[in-house]
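Participant: return a 3D structure for these sequence lines:
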Amino acid sequence: MVIKMPLSLQHLLMNKRLFAVLLLGFSSGLPLALTSTTLQAWFTQAHINLVTIGALSLIGIPYTLKFLWSPFMDYYGLSKLGKRRTWILLTQAGLVITLLLLAQMDPSTEAMSMSWIALTIAFFSASQDISITAYQTDILEEKERGLGAAYYVFAYRVALLLSGGIALIFADYFGFKLTYQIMALLVFLSMIAAYVAPRAVELPMRATSLFQSTVDSVKDFFTREKMVWLLLFIVFYKFGDALALSLMTNFLLQGLGFTLTEVGLAYKIVSFVATILGAFFGGILLTKWNIYRALLLFGLAQAFSNLLFALLAIVGKHFVLMSFSIFIENFCSGLSTAALLAFMMSLCNHRYTASQFALLSALASLGRVFLGPLAAVLVQNIGWTSFYVVSFVACFPGIIFLLFLKEKGSTHAHATLY
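Facilitator: From the prediction side, this is the model:
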């Protein structure tokens, strides 16, 4: 007997657009941990001081400034590949080269040089993100955005599991040099996925110059009513979550005394499972809920999950409690991330997708990039327990701005929220 799959499910599983988003999401997620948590672990093992490790979060500055060069990626591109795939392939090539350079270095003697190379990696990674998220926004139909965000988060987290979790376990036995070389190979293989991905329909540019295109994209975005409140919401929505995670590797390794393998197994693998479950659950709910309801409830869940780390700091080294806390926090983070991505996609004009999504995602990443040094100072002065209580409180400004948008938001934002 042949079992026939329901047409809706078959369409979902066989959809070339969603499958392309899945493959490119992996490529997008792979470099992030290599310049953040994995590099932080490498520096920790080399006995670099805490303030220097906290300052490594500044390597992520390109993620917050990528809107500056995104108009260039909206305007130029090879006609055969299309603008999106052109830039995806070029940035992936840059990542392969810089990761191989980083693999040859030693943090105990070349910490500063490694930081500059890592900053370059972050630049290529942020540029790759511009093209991939623009491609994702252009190629997905409106009804697919919630599920597309879930697909993207799933693949992104698979990549983070490899570059941030399994990489730590591998480095524990074989060293960081070989680990980074393997990561470079994976980026190289990702170039195949970018080349064979279906081409997105790209609207012709109305502007006759790069400068005019940049001006038009900014004008289109900022002339919308009450857009300042919308941007404030995007900045602060993930603020508390970013603060809680900014020194997580150091918290688990030095604060609680877990080994690299324990952190790789629990922190990375558990967080991977939890985040993809949260993202898929959130994607399904987004097909039934309006985006405002999802953002509000997921944001509240994200806030309260941070308190589990305060409890863990009080209890001390406890593997089961660590695993449970990480699961709940990352499940809630997956929910909120899927909703936020779908919301940001809905705000973009498809003529300027790269520029506008880059600006939105850069604003959303401000907390993750700039909170590292502040987090280190807070931990040194108030301790881990109070630090995670502060991260709980830091979740609420974003929720307040969301409530304000519901009542006072722009015409465009109001229509999108409902």
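
Participant: so which elements touch the strand or helix carrying residue 93?
Facilitator: Residue 93 is part of helix 83-103, with elements assigned from DSSP states H and E. Using 3 or more CB pairs under 8 Å, 6 or more residues apart in numbering; DSSP states H and E, the elements in contact with helix 83-103 are helix 16-34, helix 70-75, helix 107-139, helix 176-196. Heads up, the C-betas are built off the backbone N, CA and C, glycines and all.

Participant: redo those helices as TSV? Include mean pLDDT and distance to residue 87.
Facilitator: Formatted as TSV, the helices and strands packed on helix 83-103 follow (pLDDT from 0 to 100; distance: least, CB to CB, whole Å):
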stretch	mean pLDDT	distance to residue 87
helix 16-34	89	12
helix 70-75	84	5
helix 107-139	90	4
helix 176-196	92	10
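
Participant: low-confidence stretches in this structure?
Facilitator: Filtered on pLDDT under 70, the chain yields the residue ranges 1-14, 203-208, 267-268, 369, 407-418.

Participant: residue 342 versus residue 33, what's the distance?
Facilitator: For residue 33, the distance to residue 342 equals 24 Å [CB to CB, to the nearest Å].

Participant: likewise residue 273?
Facilitator: 22 Å.

Participant: more neighbours: which of the two?
Facilitator: Neighbours were counted for residue 273 and for residue 342 using other CB atoms under 10 Å; residue 342 has more, 25 against 16.

Participant: from the contact counts, what lies against the helix or strand harbouring that one?
Facilitator: If you go by DSSP H and E, residue 342 is part of helix 319-346. If you count contacts as 3+ CB pairs under 8 Å, 6+ apart, helix 319-346 packs onto helix 145-160, helix 227-237, helix 239-245, helix 271-286, helix 291-305, helix 307-315, helix 353-364, helix 411-417.

Participant: quick one: the following helix or strand past the first one to chain centroid distance?
Facilitator: Where DSSP H and E defines the elements, the next helix or strand beyond helix 145-160 is helix 167-174. Its chain's average C-alpha position is 23 Å from that of helix 167-174, according to CA atoms, centre = their mean, to the nearest Å.

Participant: go on, stretch 316-326?
Facilitator: Centroid separation for stretch 316-326 versus its chain: 24 Å, with CA atoms, centre = their mean.

Participant: nearest residue to residue 276 in space, please, no chain neighbours.
Facilitator: Once flanking residues are discounted, residue 276 sits nearest to residue 154: 4.5 Å by CB to CB, 6 or more residues apart in numbering.

Participant: confirm for me that residue 199 is in contact with residue 80.
Facilitator: No - in this structure residue 199 lies outside contact range of residue 80 using CB atoms under 8 Å: 9.3 Å.

Participant: neighbour count: those two, which is higher?
Facilitator: Counted by other CB under 10 Å, residue 199 and residue 80 do not tie: residue 199 has more neighbours, with 15 against 8.

Participant: could I get the phi/psi values of the nearest residue to that one once chain neighbours are set aside?
Facilitator: Excluding the flanking residues, the one nearest residue 199 by CB to CB, 6+ apart is residue 82, at 4.7 Å. Backbone torsions for residue 82, taken as degrees, to the nearest 10, come to phi 90, psi 160.
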